[in-house]
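Asks: below: sequence and its predicted model.
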Amino acid sequence: MKKIEVERKRRIVGEISLPGDKSISHRAIMLGSIGQGETRVTGFSDCLDCRNTLNAFLKLGIEIEEDSSGEMTIDGQGLRGLTSPDEIIDVGNSGTTMRLLSGILAAQDFSSTLTGDESLRKRPMKRIILPLREMGAKISSPNDNHPPITIVGQKLHPIDYISPVASAQVKSCLLLAGLYARGTTRITEPLPSRDHTERMLRYLGAPLKIKGLTVSIEGVRELKAKPIAIPGDISSGAFFIVACLLLQDSDVRIKGVGINPTRTGFLDVLKEMGASIRIENIRDLCGEPMADIFVKSSGLRAAKIGGSLIPRVIDEIPVLAVAATQAEGITEISDAQELRVKESDRIGNVVSELSKMGALLKEKEDGMTIYGGKKLVGSTVNSYGDHRIAMALTVAGLVADGETTIDDVACIDTSFPQFMNTLSGMVE
């Protein structure tokens with residue numbers, strides 16, 4: 001069990017470029033592998049989760065070369081070009097890999113089994129298993145809900161699916177399966193979720209349409225290989241943004257980061273709380289909006305976070321909770337039940353660990369109430385093996401009096417291996 005120790009810092013300053021967007025990196029490997037021809041990928045995220053996606057496709061017979069600069073070349077074999085793996089595919093902690101890859105494997109002419117680490121084996125998979133079965137897939141798993149998942153490839157047919165949850169992973173899984181189903185597959189969500197899959201499919205020429213909360217795709221159409229450049233990861237930037245806001249006399253500039261509107265809800269929340277955040281030099285990169293973000297330390301006030309905003313802030317709620325502990329007033333987070341089934345129970349664990357540092361929070365079934373303005377004090381806290389909680393607690397440690405020890409932080413490597421080195425070079 002790895003741990004880190006954090007002391008209070010005076011300020012954070014500097015300009016950074018973030019690692020490539022994790023969500024887009026997953027999709028670049030997947031769609032490049034089932035596209036026709038050579039796909040060159042730049043800006044790939046070198047985190048464990050994305051490496052697990054890359055390794056999965058290597059086991060499925062795809063040739064992927066990487067040069068010294070990190071640029072990758074994927075020899076795409078088309079929709080039917082994958083080959084039967086010689087072993088169980090272990091995707092580690094990556095729910096994205098497991099759920100999206102299941103949609104592709106459901107239509108292959110071979111059988112495969114996906115598993116993951118202890119945390120992933122507790123995460124719900126019925127949300128993809130049931131609709132894939134409606135499409136004709138043959139899938140089995142313990143209790144029809146948890147990994148490992150065994151998939152016997154079948155001929156799929158299109159469905160009209162109304163999803164009970166707003167989940168980009170469910171939607172993306174079914175869109176990828178829809179590539180293999182002759183006819184039109186439609187997925188309707190209760191609220192908008194992140195749309196990286198739709199953007200990349202369109203960029204690669206897939207016949208995809210969006211009308212309101214419904215996205216539809218026509219199968220069976222081959223994807224044509226095109227270069228994919230990946231912007232910086234906005235979710236990774238959230239930790240530096242909140243640290244900058246909370247530490248006095250701070251000034252941070254983040255260059256070339258993705259600003260997909262389905263991912264920037266936390267910026268909207270922070271601006272509502274009084275944050276000084278400026279977005280400049282907006283441009284397009286392979287169908288994704290990208291920009292530079294400028295942040296200055298700011299006094300914050302409480303906010304209400306819930307409803308349709310939740311899918312756009314779901315990954316950033318742990319660090320938003322840290323910001324709320326230092327804001328003036330009472331922050332309410334609601335409608336966020338999905339946090340209970342992430343890498344850990346992010347509601348219970350955030351409340352538990354920030355309370356150890358002197359924050360005043362109350363747990364709710366679907367969120368938390370945070371009473372701001374409480375001075376944080378150094379303590380020994382635990383990430384519960386959850387990378388976003390580990391990094392959020394690190395930010396809390398920067399503003400807490402004394403020393404904070406965070407246990408079980410090897411998980412940070414699943415999304416942002418360079419986090420501590422980048423942070424150490426900016427704080428004073």
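Replies: Yep, that arrived. Since we're looking at a predicted model, the values are computed, not measured. Numbering: from 1, shown residues only.

Asks: contacts and neighbour counts: CA atoms only from here.
Replies: Will do.

Asks: which residue packs closest to residue 5, ignoring adjacent ones?
Replies: residue 405 (4.5 Å; Cα to Cα, 6 or more residues apart in numbering).

Asks: I'd say the one you found and residue 353 touch.
Replies: No. Counting by Cα atoms under 8 Å, residue 405 does not reach residue 353; the two are 11.3 Å apart.

Asks: overlap of the contact sets of these two?
Replies: Here residue 405 and residue 353 have residue 381 as joint contacts, going by Cα atoms under 8 Å, 6 or more residues apart in numbering.

Asks: next secondary structure after the lowest-mean-pLDDT helix or strand in the chain?
Replies: The helix or strand of the chain with the poorest confidence is strand 223-224; it has a mean of 93 (mean pLDDT, DSSP states H and E). Next helix or strand after strand 223-224 toward the C-terminus (DSSP states H and E): strand 228-229.

Asks: what pairs with that next one, and is each one parallel or antiparallel?
Replies: strand 35-42 (parallel) (DSSP bridges).

Asks: the stretch 151-300 of the chain: helices as residue ranges?
Replies: With DSSP state H, counting those that start in this stretch as the criterion, the stretch 151-300 of the chain has helices at 168-178, 196-203, 234-246, 265-272.

Asks: so which of these is nearest residue 35?
Replies: Smallest distance to residue 35 across the helices of the stretch 151-300 of the chain (Cα to Cα): 10.2 Å, for helix 196-203.

Asks: does anything pack onto the closest one? Which helices or strands?
Replies: Counting contacts by 3 or more Cα pairs under 8 Å, 6 or more residues apart in numbering; DSSP states H and E, helix 196-203 packs against helix 22-34, strand 208-211.

Asks: tell me which residues in the last one are buried?
Replies: Okay, so that is strand 208-211. Neighbour counts using 16 or more other Cα atoms under 10 Å place residue 208 of strand 208-211 among the buried residues.

Asks: same check, this time on stretch 392-408
Replies: Buried, per 16+ other Cα under 10 Å, within stretch 392-408: 392-401, 403-408.

Asks: and if you look at stretch 187-207?
Replies: Neighbour-count burial for stretch 187-207 [16+ other Cα under 10 Å]: 187-189, 191-204, 206-207.

Asks: before we move on, back to that, now render the helices and strands packed on helix 196-203 as CSV, adding mean pLDDT and distance to residue 299.
Replies: Converted to CSV, the helices and strands packed on helix 196-203 look like this (pLDDT from 0 to 100; distance: least, Cα to Cα, whole Å):
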stretch, mean pLDDT, distance to residue 299
helix 22-34, 98, 30
strand 208-211, 97, 40
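
Asks: what's the most buried one of the ones you listed?
Replies: The highest mean neighbour count among the helices and strands packed on helix 196-203, using mean count of other Cα atoms under 10 Å, belongs to helix 22-34: a mean of 26.

Asks: let me know the angle separating it from strand 35-42.
Replies: Interaxial angle of helix 22-34 relative to strand 35-42 (axes from the mean of the first three to the mean of the last three Cα atoms, to 10 degrees): 140 degrees.

Asks: look up how far residue 424 lies from residue 212.
Replies: 44 Å (Cα to Cα, to the nearest Å).

Asks: how about the contacts made by the closest residue to residue 238 other than its chain neighbours?
Replies: Nearest residue to residue 238, sequence neighbours excluded (Cα to Cα, 6+ apart): residue 316, at 6.9 Å. Residues in contact with residue 316, defined by Cα under 8 Å, 6+ apart, are 235, 238, 266, 388.

Asks: closest to residue 112 among these?
Replies: After measuring the contacts of residue 316 against residue 112 - Cα to Cα - the closest member comes out as residue 388, at 30.4 Å.

Asks: which other helices and strands does the strand or helix carrying the closest one contact?
Replies: Following DSSP H and E, one finds residue 388 within helix 387-399. With contacts taken as 3+ Cα pairs under 8 Å, 6+ apart, helix 387-399 sits against strand 3-7, helix 234-246, helix 317-325, helix 346-356, strand 403-407.

Asks: quick one: closest of these to residue 61.
Replies: With Cα to Cα as the yardstick, what comes closest out of the helices and strands packed on helix 387-399 is helix 234-246 (31.3 Å).

Asks: can I see the domain layout of the protein?
Replies: Using automatic domain parsing, the domain parsing of the chain gives 3-20+231-424, 22-229.

Asks: pLDDT wise, what is the closest residue in space to residue 386 that isn't next to it in sequence at?
Replies: Using Cα to Cα, 6+ apart and skipping the chain neighbours, the partner closest in space to residue 386 is residue 343 (5.6 Å). We have a pLDDT of 91 for residue 343.

Asks: rewinding a little: residue 25 is nearest to which of the helices and strands packed on helix 387-399?
Replies: Smallest distance to residue 25 across the helices and strands packed on helix 387-399 (Cα to Cα): 13.0 Å, for helix 234-246.

Asks: now that closest one: average pLDDT?
Replies: Averaging pLDDT along helix 234-246 gives 98.

Asks: isn't residue 27 right up against residue 199?
Replies: No. With contact defined as Cα under 8 Å, residue 27 does not count as touching residue 199 (10.3 Å).

Asks: which residues touch residue 392?
Replies: Going by Cα under 8 Å, 6+ apart, residue 392 touches 239, 318-319, 322.

Asks: distance of the residue nearest to residue 386 from residue 145?
Replies: Applying Cα to Cα, the value for residue 343 to residue 145 is 16 Å.

Asks: of these two, who's got more company?
Replies: Shown here are residue 343 and residue 145; by other Cα atoms under 10 Å, residue 343 has more neighbours (22 against 19).

Asks: OK, contacts around the nearest residue to residue 390 once chain neighbours are set aside?
Replies: Residue nearest to residue 390 in three dimensions, not counting chain neighbours: residue 383, with 4.7 Å by Cα to Cα, 6+ apart. Taking Cα under 8 Å, 6+ apart, we find residue 383 in contact with 349, 389-390, 393, 406-409.
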